[in-house]
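**Student:** model this:
(one chain, ligands or ions: 1)
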Amino acid sequence: MKIKKAVLPVAGFGTRFLPATKAIPKEMLTIIDKPLIEYAVEEAISAGAEEIIFITSYTKPAIKNYFSRVPELEKQLKSTGKIELLEKIQPKIFENVKFTYINQKEQKGLGHAILLAEEAVGSDAFSVLLPDDLFISTPSCLEQIRDSYSQNLQPTIAVNRIDKNNIHKYGVVDLGGNQLNKTNTAVISNIIEKPHASVAPSDIAVAGRYIFNPTIFECIKKVEADNSGEIQITDAIKLLTKIENVQVKIFDGEKYDCGSKDGYLEATIAVAMKDPYYSNKIKKIITGKL
Ligand code: UTP
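**Tutor:** Residues are numbered from 1 along each chain as shown. As a prediction, the model looks like this:
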């Protein structure tokens with residue numbers, strides 16, 4: 001099964017990464033030489049995306065520029081025989097993919113950003129990927145939740161286990177007595193945004209990959225803004241659990257929260273350590289033997 005439309009909300013201010021994010025969208029920060037957003041686009045395509053819908057902000061033109069062709073550069077790379085770089089700036093997997101940009105005028109939260117994609121999404125299931133969460137796995141995290149979704153067409157959210165000390169940073173799910181099946185999937189009864197560890201309903205937290213049916217839009221419309229004026233997707237999912245079975249899947253693989261400096265640093269080191277050239281360099285730097 002293909003999930004043909006993918007929504008990538010990228011309109012946030014990225015305040016945890018200031019001052020860099022004053023001019024560089026956090027989704028354009030690179031892990032070695034590839035921006036975070038490209039990892040997410042590749043993941044969306046791995047699950048069958050034919051259209052990538054960016055919810056972006058006019059203050060972040062770099063994202064649209066990045067997915068546009070640059071004829072002068074292509075010509076220069078061709079004439080100098082740098083064919084491998086040509087493939088890097090215009091990957092073959094992007095060839096039949098449509099890129100759509102929707103402006104979020106005011107940063108009214110993730111739920112609000114996703115709602116702006118309603119018309120572009122239409123009547124089919126769609127994925128949501130938060131590019132600042134970087135997943136490293138084969139099959140990709142989105143493919144894994146797509147496989148769970150395709151079993152029963154129930155909205156599916158990627159989750160992972162989080163230790164008590166960090167649980168207050170995440171949306172945490174309540175399985176309400178339901179058991180995880182052998183594919184590590186279960187229907188949830190509720191979801192709580194950033195609970196204190198003492199009241200967290202589980203140690204299972206939402207990661208930044210979702211597959212929804214268009215019913216989620218009706219739920220987002222019913223959500224009121226929270227104290228900070230944001231419409232949270234967690235509140236919409238809470239409402240969704242009352243009208244559809246919502247399931248979570250504990251994915252297999254690594255996840256890095258690249259919206260935080262710690263997570264970004266970890267991701268950079270983890271990706272570098274998978275490459276023999278860079279891992280040798282890093283080991284030498286650490287041991288002072290450069
Ligand atoms: P985050 O809260 O992680 O992103 O939102 P942020 O607000 O950019 O970062 P900080 O907390 O200030 O450092 C999760 C995702 O939702 C998007 C963000 O771009 C990010 O991908 N988002 C958030 C929107 O598109 N619009 C919003 O109004 C809020």
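**Student:** Using the three-state scheme, assign whichever residue of the chain sits closest to the ligand.
**Tutor:** The shortest separation between the chain and the ligand is 2.1 Å, found at G12 (distances taken as C-beta to the nearest ligand atom). (C-beta placed from N, C-alpha, C; glycine too.) Under the three-state scheme (DSSP: H, G, I helix; E, B strand; the rest coil), the conformation of G12 reads as coil.
**Student:** can you count the residues close to it?
**Tutor:** A count of nearby residues for G12, using other C-beta atoms under 10 Å, gives 22.
**Student:** Leaving out the residues flanking it, which one is nearest to it?
**Tutor:** Nearest in space to G12, with sequence neighbours left out and distances taken as C-beta to C-beta, 6 or more residues apart in numbering, is Q107 at 6.2 Å.
**Student:** Looks like the one you found contacts T15 (just checking).
**Tutor:** No: using C-beta atoms under 8 Å, Q107 is not in contact with T15, being 10.2 Å away.
**Student:** Between these two, which has more neighbouring residues?
**Tutor:** Summary of the neighbour comparison: Q107 and T15, criterion other C-beta under 10 Å, with Q107 having more neighbours (15 against 10).
**Student:** For Q247, see how far away that one is.
**Tutor:** Spatial separation of Q107 from Q247 under the definition C-beta to C-beta, to the nearest Å is 30 Å.
**Student:** Around the ligand, which positions in the stretch 151-290 of the chain sit nearby?
**Tutor:** On the criterion C-beta under 6 Å from any ligand atom, the ligand has as its neighbours in the stretch 151-290 of the chain the residues G259.
**Student:** Could you list the low-pLDDT ranges of the stretch 151-290 of the chain?
**Tutor:** The model of the stretch 151-290 of the chain has pLDDT under 70 over residues 290.
**Student:** Could I get the full set of strands for it?
**Tutor:** Using DSSP state E, counting those that start in this stretch, the strands of the stretch 151-290 of the chain run over residues 156-161, 171-174, 185-187, 190-193, 204-212, 247-250, 254-257.
**Student:** any idea which of the ones you listed is most buried?
**Tutor:** The highest average neighbour count among these, using mean count of other C-beta atoms under 10 Å, belongs to strand 204-212 at a mean of 25.
**Student:** residues in contact with the nearest residue in space to F13 that is not next to it in sequence?
**Tutor:** Excluding its sequence neighbours, the residue lying closest to F13 (C-beta to C-beta, 6+ apart) is Q107, at 6.2 Å. By C-beta atoms under 8 Å, 6 or more residues apart in numbering, the contact list for Q107 reads A11, G12, F13, S57, E230.
**Student:** how about Q107, phi and psi?
**Tutor:** According to degrees, to the nearest 10, the main-chain angles of Q107 amount to phi -80, psi 80.
**Student:** Give me the pLDDT value at it.
**Tutor:** According to the predicted model, the pLDDT of Q107 comes to 94.
**Student:** about what we covered before: same list (the strands of the stretch 151-290 of the chain) but as CSV, adding distance to I3.
**Tutor:** Below are the strands of the stretch 151-290 of the chain laid out as CSV (distance: least, C-beta to C-beta, whole Å):
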stretch, distance to I3
strand 156-161, 10
strand 171-174, 21
strand 185-187, 16
strand 190-193, 21
strand 204-212, 6
strand 247-250, 14
strand 254-257, 19
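**Student:** among the ones you listed, which is nearest L73?
**Tutor:** Closest to L73 of those is strand 254-257 (C-beta to C-beta; 29.7 Å).
**Student:** re the thing from before, can you select the buried ones from the contacts of Q107 in PyMOL?
**Tutor:** Typed into PyMOL, the line below selects the buried ones among the contacts of Q107, using 16 or more other C-beta atoms under 10 Å:
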select buried, resi 11+12+57+230
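**Student:** what kind of secondary structure is F99 in?
**Tutor:** Remark: F99 carries the secondary structure label strand [criterion: three-state DSSP].
**Student:** again, but for E106
**Tutor:** Local secondary structure at E106 is given as coil here, using three-state DSSP.
**Student:** quick one: A225 from G14, how far?
**Tutor:** As defined by C-beta to C-beta, A225 lies at a distance of 21 Å from G14.
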